[in-house]
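**Student:** Structural data only, the sequence is not supplied:
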């Protein structure tokens, strides 16, 4: 038994209750082979867990977790020898102590230590989860006006940005004749590896053109895709974990049971045996992104708008609604899946099964109101592309138009009750919605004039008619009217 008030660390690890899963390898025998920039909750609940699964057979791939600015993670976990608890939340909650992080650093006040680690020949992989903002990107690659980039170009040996650190480490390695590391973005942005590579080359070109040429020819920047819902850590989680561990964990993390990591198999200096931990190695990252966008994100939007009109709060609530849940499943299997060109070996039916199980997870409180944000950006890529493909294949689009019409009815409702939209096109959407008369064709014609959302589909008479019919089917957008529209949409669902 652990001592009340004790801290999770190497010395308390063996005394944890038997139900707590813990590392099966000798942590003292591992070596740092990965530097990760952005030591937030997602990394510790996702990539670090995959690496934890591998360290027994591949001890050279432990992680140095680097925060760029905040020292909070370092200060919380360094006294714990890098150990922390992963809580998998679902019907049954499970706890597992993760030991993959062998070192914690903060670049803001330990820059020399970070650069020394990046220069070490033992490090062969640098991974990043710094969010899209952390890449300092502009419309055409690197944003050279970004304050961090301005700073780093003036002082390349004392970088503050992720790009500056990555290139500074490569610069040292080239000067010392050390082979470069692979640089792997694990942030969900389109073509993440390609965009990171372009930014690194643009930055290096300003510092040293020869360095840029070396990076271009020698360094790999694989693309990747990641997926797992990771709710924020709160005091309730800390208390729950402490009660089960018998000791304190300053920063546990939690996530749903489902997790996915797809990586382009293009490394320049060796790699961990990722496939043995369940990582999918694929040359078609765009195909996996497309499958996720259409089979996961599009149903999410359908649940958000139709569920919000039915006065439901969360995804799990929506999946308990007797007309909405079967509609969404039919939408996925019958209307969306046939339009998705899936990667080789991809099992669409199994993927849909997994998504539906995730949607039903009552432990994940995923708010429909939050998913409904930024509809003008999401609807075109999540649903309108699928509708265009269905039209090209002469497939029916009636069900596909219902969530689009649901979004428009949602926009109208928000305008009527005076609730501000969270959307970059909020002004034009609200103005259009405020003028809505309830007449389906008239309202739809007004919304279709917003080219930023609907062009070029707005010129297709088949789409215009189907969207107007779906809008009319939702009636006054009351819960009863929406339920009736869903029931009618399910008639002939086997088409």
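**Tutor:** Thanks, I have the structure now. A quick note: this is a predicted structure, and the numbers were derived from the prediction, not measured.
**Student:** So what's the residue count around residue 317?
**Tutor:** 19 (other C-beta atoms under 10 Å). C-beta here means a position set from N, CA and C on the backbone, and glycine is covered the same way.
**Student:** Contacts only, for it.
**Tutor:** Going by C-beta atoms under 8 Å, 6 or more residues apart in numbering, residue 317 touches 307, 368.
**Student:** one more time with 6 Å
**Tutor:** Shown in contact with residue 317 (C-beta atoms under 6 Å, 6 or more residues apart in numbering): no residues.
**Student:** Please, which helix or strand holds it?
**Tutor:** Assigned by DSSP states H and E, residue 317 belongs to helix 315-319.
**Student:** Who are the packing partners of the helix or strand following that helix?
**Tutor:** Counting by DSSP H and E, the next helix or strand C-terminal to helix 315-319 is helix 324-330. If you count contacts as 3 or more C-beta pairs under 6 Å, 6 or more residues apart in numbering; DSSP states H and E, helix 324-330 packs onto helix 298-309.
**Student:** Distance from the helix it packs on to the middle of the chain?
**Tutor:** Chain-centre distance of helix 298-309: 19 Å, with C-alpha atoms, centre = their mean, to the nearest Å.
**Student:** can you check stretch 35-42 too?
**Tutor:** 14 Å.
**Student:** Residue 445: how many residues sit nearby?
**Tutor:** With other C-beta under 10 Å as criterion, residue 445 counts 13.
**Student:** what about the helix or strand containing it, average pLDDT?
**Tutor:** Assigned by DSSP H and E, residue 445 belongs to helix 440-448. Per-residue pLDDT over helix 440-448 has a mean of 95.
**Student:** How about stretch 275-284?
**Tutor:** 97.
**Student:** Could you tell me how far it lies from the centre of the chain?
**Tutor:** 17 Å.
**Student:** and it, how far apart are its ends?
**Tutor:** 16 Å (C-alpha to C-alpha, to the nearest Å).
**Student:** Which positions in it come out as buried?
**Tutor:** Buried residues in stretch 275-284, counting neighbours by 16 or more other C-beta atoms under 10 Å, are found at 277, 279, 280, 282, 284.
**Student:** now stretch 465-481
**Tutor:** 466, 467, 468, 469, 470, 471, 472, 473, 474, 477, 481.
**Student:** what's the span of it, first residue to last?
**Tutor:** 20 Å.
**Student:** try stretch 124-131
**Tutor:** Start-to-end, stretch 124-131 (C-alpha to C-alpha) is 22 Å.
**Student:** what's the average pLDDT for it?
**Tutor:** pLDDT averaged over stretch 124-131 gives 97.
**Student:** contacts for it?
**Tutor:** Contacts of stretch 124-131 (C-beta under 6 Å, 6+ apart): 33-38, 42-43, 162, 181-187, 269-270.
**Student:** What's the ChimeraX line that selects buried ones from these?
**Tutor:** A single ChimeraX command selects the buried members of those (16+ other C-beta under 10 Å):
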select :33,34,35,36,37,38,42,43,162,181,182,183,184,185,186,187,269
